[in-house]
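Asks: Would you be able to build a 3D model of this:
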Amino acid sequence: MKKNKKLISFLITHYNRPLDLMECLEGIEKIQISDYEIVVSDDGSEVENIKLLQGYKINKLILSKTNQGLAANINKGIEACEGKYIIYCQEDFILNSDICTILPECFALLNNQKADMIRFSASYSFKKLIGISENIFLIPKFSFRNFLLNANQYSDHPFITTKKFYDTFGYYLENTSGDYGETEYAIRIFNSKAKIAILANKFVKQVEGSQSVMGRELDLNSVKLKLNKSLYKFARAFRLHFEFLFYNQASRGLITYKNYRDKSKVNNTGSNED
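Replies: Numbers count the residues shown, from 1 in each chain. Okay, here's the model as predicted:
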């Protein structure tokens, strides 16, 4: 007898933060939905942390013998997801229980292909957005009003999508350092025809002390940048637009960013080979 496909796969990536993960899981439990699975993809955490995870309410715990980086960790997690939709979040994000009220709207937009991915939050505000439903807005592929943020359409903040998104636009570039990997994928999506949307209101909160790579680059309150905020913002935007113009969808990679992992092992296909 064929097993019924789950409606949602909650994909959570984890590395040595079991207490954060517990908060993330508790948040999911409070959401008023029942047809889902929880997939946790661990990136080579310490043995004592793995033992803690094995006691959590997780449907699929995908392990790795060694730390392979966030890109490989997400990729193997995606492969394990069986839900029609994938809701992705890192272990340091907590989904608001009210998110169940917005999910039908998300499903409809993904089904009719008005959006390929819908973000639940951002640490910055886009000046130009296009309304596509009551609570969801499309991020323009390019807008002069969004010049400082055009390359930030994709982020590792929580989002909902489908496995088809990765089959169409590519998986994450493996054997890459965190900043390089996320920025490379952000440029890849900027350079593609992917339609990225975002909720009008945030339905997630972040565990204190954690922040995405792209978010860190936009943290203009650091002492180092206080005197040069405007210059930094424009320099960063020009740099990312430069990467966009010269990005190669086939060979992949960035020109002005350094990958601190072994480039000889980089896997362009997004498969999970060692």
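
Asks: contacts, neighbours, all on C-alpha from now
Replies: Will do.

Asks: Residue 199 contacts residue 119, correct?
Replies: Yes: using Cα atoms under 8 Å, residue 199 is in contact with residue 119, at 6.4 Å.

Asks: Please compare the two by neighbour count and tell me which comes out ahead.
Replies: When residue 199 and residue 119 are compared on other Cα atoms under 10 Å, the one with more neighbours turns out to be residue 119, at 27 against 21.

Asks: residues contacting that one?
Replies: Residue 119 is in contact with 157-160, 196-199, counting by Cα atoms under 8 Å, 6 or more residues apart in numbering.

Asks: Distance to residue 183 and secondary structure for those residues - can I get that in CSV?
Replies: Output for the contacts of residue 119, formatted as CSV (distance: Cα to Cα, whole Å; DSSP: H, G, I helix; E, B strand; the rest coil):
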residue, distance to residue 183, secondary structure
157, 13, coil
158, 16, coil
159, 17, strand
160, 19, strand
196, 16, strand
197, 18, strand
198, 19, strand
199, 22, strand
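
Asks: Let me know the closest of those residues to residue 8.
Replies: Nearest to residue 8 among those: residue 160, at 9.3 Å, using Cα to Cα.

Asks: okay, that closest one: pLDDT?
Replies: Looking at residue 160, its pLDDT is 99.

Asks: now it, which residues is it bridged with?
Replies: Counting by DSSP bridges, residue 160 forms beta bridges with residue 87, residue 118.

Asks: what does residue 205 give?
Replies: Using DSSP bridges, the beta-bridge partners of residue 205 come out as residue 94.

Asks: wait, isn't it in contact with residue 96?
Replies: Yes: Residue 205 lies in contact with residue 96 (Cα under 8 Å); the separation is 7.4 Å.

Asks: Walking through the stretch 51-200 of the chain, point out its helices one by one.
Replies: Assigned by DSSP state H, counting those that start in this stretch, the stretch 51-200 of the chain shows helices spanning 70-80, 103-111, 163-169, 178-190.

Asks: Using JSON lines, lay out these together with mean pLDDT, distance to residue 44 and mean neighbour count.
Replies: Formatted as JSON lines, the helices of the stretch 51-200 of the chain follow (pLDDT from 0 to 100; distance: least, Cα to Cα, whole Å; neighbours: other Cα atoms under 10 Å):
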{"stretch": "helix 70-80", "mean pLDDT": "97", "distance to residue 44": "9", "mean neighbour count": "22"}
{"stretch": "helix 103-111", "mean pLDDT": "98", "distance to residue 44": "32", "mean neighbour count": "16"}
{"stretch": "helix 163-169", "mean pLDDT": "98", "distance to residue 44": "23", "mean neighbour count": "13"}
{"stretch": "helix 178-190", "mean pLDDT": "95", "distance to residue 44": "15", "mean neighbour count": "23"}
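
Asks: mind putting those helices in a markdown table, distance to residue 63 included?
Replies: A markdown table is the format used below for the helices of the stretch 51-200 of the chain (distance: least, Cα to Cα, whole Å):
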| stretch | distance to residue 63 |
| --- | --- |
| helix 70-80 | 9 |
| helix 103-111 | 29 |
| helix 163-169 | 20 |
| helix 178-190 | 19 |
